[in-house]
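Colleague: coords please:
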Amino acid sequence: MSSATVAELSSAAEAIGAYQRRVGGLAAVHADDDREDLVAAIYEAERALGIAERTLRRAIKLASARR
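Modeller: Residues are numbered from 1 along each chain as shown. Model prediction:
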């Protein structure tokens, strides 16, 4: 697989990881609010971003593997 593909996947994974941390920080900001629905949605988005990052990391390993 091309090194450009691996680089693009790696860049996307890094960005999504950063977004996950930012979104997770928002949940902490609103933890004391009376908005459980908002906090739950934020945590759900944080988990989804984590899944996206892990999936990209798996794609990087697959793209890097020689066949």
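Colleague: could you use CA atoms for every contact and neighbour count after this?
Modeller: Fine.
Colleague: now the longest helix along the chain: buried residues?
Modeller: In terms of residue count, the longest helix belonging to the chain (DSSP state H) is helix 36-64. By 16 or more other CA atoms under 10 Å, the buried positions in helix 36-64 come out as 39, 42-43, 45-46, 49-50, 52-53, 56-57, 59-60, 63.
Colleague: make CSV from these and add distance to residue 11 to it.
Modeller: Listed next are these as CSV, based on distance: CA to CA, whole Å:
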residue, distance to residue 11
39, 28
42, 23
43, 23
45, 20
46, 18
49, 14
50, 15
52, 13
53, 11
56, 10
57, 10
59, 12
60, 10
63, 14
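Colleague: chain center to the longest helix of the chain, what's the gap?
Modeller: 4 Å (CA atoms, centre = their mean, to the nearest Å).
Colleague: pLDDT below threshold where in the chain?
Modeller: Residue ranges of the chain with pLDDT under 70: 1, 67.
Colleague: and residue 35, how far from residue 25?
Modeller: Distance, residue 35 to residue 25, by CA to CA, to the nearest Å: 16 Å.
Colleague: the more surrounded of the two?
Modeller: Per other CA atoms under 10 Å, whichever of residue 35 and residue 25 has more neighbours is residue 25, with 15 against 10.
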